[in-house]
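J.: Fold the following and give me the result.
(chains A and B)
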Amino acid sequence: MAGDSTAVIEAHGVGLTFETADGPVHALKDVNLSIGKGDFVSFIGPSGCGKTTLLRAIAALEHPTEGTLTVNGMTPDEARRARAYGYVFQAAGLYPWRTIAGNVKLPLEIMGYSRAEQQARVEKVLSLVELDGFGRKFPWQLSGGMQQRASIARALAFDADILLMDEPFGALDEIVRDRLNEELLKLWAATGKTIGFVTHSIPEAVYLSTRIVVMSPRPGRITDVIDSPLPRERPLEIRDTPEFIAIAHRVREGLRAGHLDD
Amino acid sequence: MRNAIPVLGVVAAIMVVWYLAAVWMNAQWTRDQAARAGVEVSFADIVADTLAQDRPRLPAPHQVLLELHALTWTEEVHSRRGIVQSGSLSNRSLVHHGLVTLSATFLGFAFGAGFGILLAIGIVHDRATDMSVMPWAIASQTIPIVAIAPMIIVVLNSIGISGLVPKAIIAAYLSFFPVVVGMVKGLRSPDAMQMDLLRTYSASSFQALWKLRMPASMPYLFASLKVGIAASLVGTIVAELPLGGAGLGTRLLAGSYYGQTIQIWATLLVAAILAATMVGVIGAVQRMTLTRMGMAQ
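T.: Residues are numbered from 1 along each chain as shown, chains lettered A, B, ... in the order given. This next block holds a predicted model:
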């Protein structure tokens, strides 16, 4: 691992083109980005801007057709094999036939942890996402927000220092979302992980991130990267401060500028 | 028990139609007999006679039930050859013939379902298998196996393969296809997101099969097992038609040789009861399994 380097994820001139029946689709074009250790980076933009594709490329679920992309100094494929990241999808995707504990155990079983180790880790991460005592429940017995917390616990169960989240709270209502955002910040502070977070909500991006990457579509590209001046400790009320509103305004401007070129 | 009323209503309607059809279909014979004997028969006499003939065109429901009782309970408990007096099942009883058919059905079904599951796993994991095997699996079902099964049995017998095995082959042939189709669908049922999740863990395809595809395919598996076991029973019975010895199929053909319509219907009833029981048992296992797995619909 490139422990000496502060950049955990680095993209140089990354492009990704899907060959479709209607001709090539440029999902990403000339993406340059450097994400440092412990950063909380949000990717925001309208649908089709390639934010999810970029996250998937970092996770080696898609492969860039141009440029270089490194994760922990390795190729994304090597990083995946080295279990560099945990991935949280938009839907919790818990297995209905496994209990919550069983679901969190899934990656541990696949990665060959001992039974005792599995047990210990499941308890640790379930308490991290405040689901202590829910291990024996089945997914259908939990609310949507709790299911998504369980899926975050699943991504935290093994020692990956990167957490990639693809609109994890997109399907939840705003009240649950606020609460989970607050919890996610606590989790981030407690674990010190580097987080890549895809969202289409401006307040969510501004509230959570140390850096906000604004993207625009056709071709998917980065139009602005905003380093947030907000402190790491963020109560929900911070959203009413002038600093917060100023950043949100800049994000909105960036999104609008991206659309003007259409 | 509000459901009981429509169910009983349908049964009652079938009975009414059945009795009417029996009277109508058997009346000619009654009238012919009367004409030959030179006696006048009233309508009431005709009705009474049509429901009590020895070899009716269509036996009445109560005749079939009485025959079933005679060929099972009475034969085994009271007959000299029955299990109570001789210690072994009577070769006339439908219990004996049913069990013979059942054992071939189970053997064939086990082979068919097992082969079907293996084939489905191959098809899902290997594109070459998918493209090379699937067309043959589909083509195999266009062969009217039910029609040519007796020939296959005779040929197999002539090369020395006899007993349970040839029947089981036909049963397996008919049951593997629904299992293949159902399992392929079931093993492919996990969505892209769930497959991606396993990719982020760098899970092997065996792990994906064992931890995701297999459990996810269970509802599909049980649905196709139900179809498969019924098909196995049909296959076994058809395969037994040309054979001597024991089995429901053998009894059916013997009954038709000697015009024993009541016996044929009683045998058919046994086959229907067996099929319903087997499908019911699979259904019960399905409910238990899926409830335990948290996947009950």
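
J.: Check which helix or strand residue A:180 maps to.
T.: Mapping residue A:180 onto the secondary structure by DSSP states H and E places it in helix A:174-191.

J.: got the CA coordinates for that helix in PDB?
T.: Extracted as PDB, the C-alpha positions of helix A:174-191 are listed here (Å, rounded to 0.1, in the frame of the first residue of the first chain):
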ATOM      1  CA  GLU A 174     -36.100  13.300   4.500                       C
ATOM      2  CA  ILE A 175     -36.400  12.900   8.200                       C
ATOM      3  CA  VAL A 176     -34.700   9.500   8.200                       C
ATOM      4  CA  ARG A 177     -32.200  10.900   5.800                       C
ATOM      5  CA  ASP A 178     -31.200  13.700   8.200                       C
ATOM      6  CA  ARG A 179     -30.800  11.300  11.000                       C
ATOM      7  CA  LEU A 180     -28.700   8.900   8.900                       C
ATOM      8  CA  ASN A 181     -26.500  11.800   7.600                       C
ATOM      9  CA  GLU A 182     -25.800  12.900  11.200                       C
ATOM     10  CA  GLU A 183     -24.900   9.300  12.100                       C
ATOM     11  CA  LEU A 184     -22.800   8.900   9.100                       C
ATOM     12  CA  LEU A 185     -20.700  11.900  10.100                       C
ATOM     13  CA  LYS A 186     -20.200  10.400  13.600                       C
ATOM     14  CA  LEU A 187     -19.300   7.100  12.000                       C
ATOM     15  CA  TRP A 188     -16.800   8.900   9.800                       C
ATOM     16  CA  ALA A 189     -15.300  10.700  12.800                       C
ATOM     17  CA  ALA A 190     -15.100   7.400  14.700                       C
ATOM     18  CA  THR A 191     -13.500   5.300  12.000                       C
END
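
J.: How about it, which residues are buried there?
T.: By neighbour count on 16 or more other C-beta atoms under 10 Å in any protein chain shown, the buried set for helix A:174-191 is A:176, A:177, A:178, A:179, A:180, A:181, A:183, A:184, A:185, A:187, A:188. The C-beta positions use only the backbone N, C-alpha and C, and glycine is treated the same way.

J.: I'd say the second one and residue A:169 touch.
T.: Yes - under the criterion of C-beta atoms under 8 Å, residue A:177 makes contact with residue A:169 at 4.6 Å.

J.: tell me, what's touching those two both at once?
T.: Here residue A:177 and residue A:169 share the contacting residues residue A:204, scored by C-beta atoms under 8 Å, 6 or more residues apart in numbering or on different chains.

J.: list the contacts for residue 166?
T.: Just going to use chain A. Contacts for residue A:166 were tallied using C-beta under 8 Å, 6+ apart; they are A:52, A:55, A:56, A:87, A:88, A:89, A:90, A:198.

J.: Oops, wrong one, chain B.
T.: For residue B:166, the residues meeting the contact criterion (C-beta under 8 Å, 6+ apart) are B:152, B:153, B:156, B:157, B:239.

J.: Out of those residues, which sit inside strands?
T.: Where these are compared with strands, as defined by DSSP state E, there is no overlap at all.

J.: List just the nearest of these to chain A.
T.: Compare each of the contacts of residue B:166 with chain A using C-beta to the nearest C-beta and the shortest gap goes to residue B:239, at 37.9 Å.
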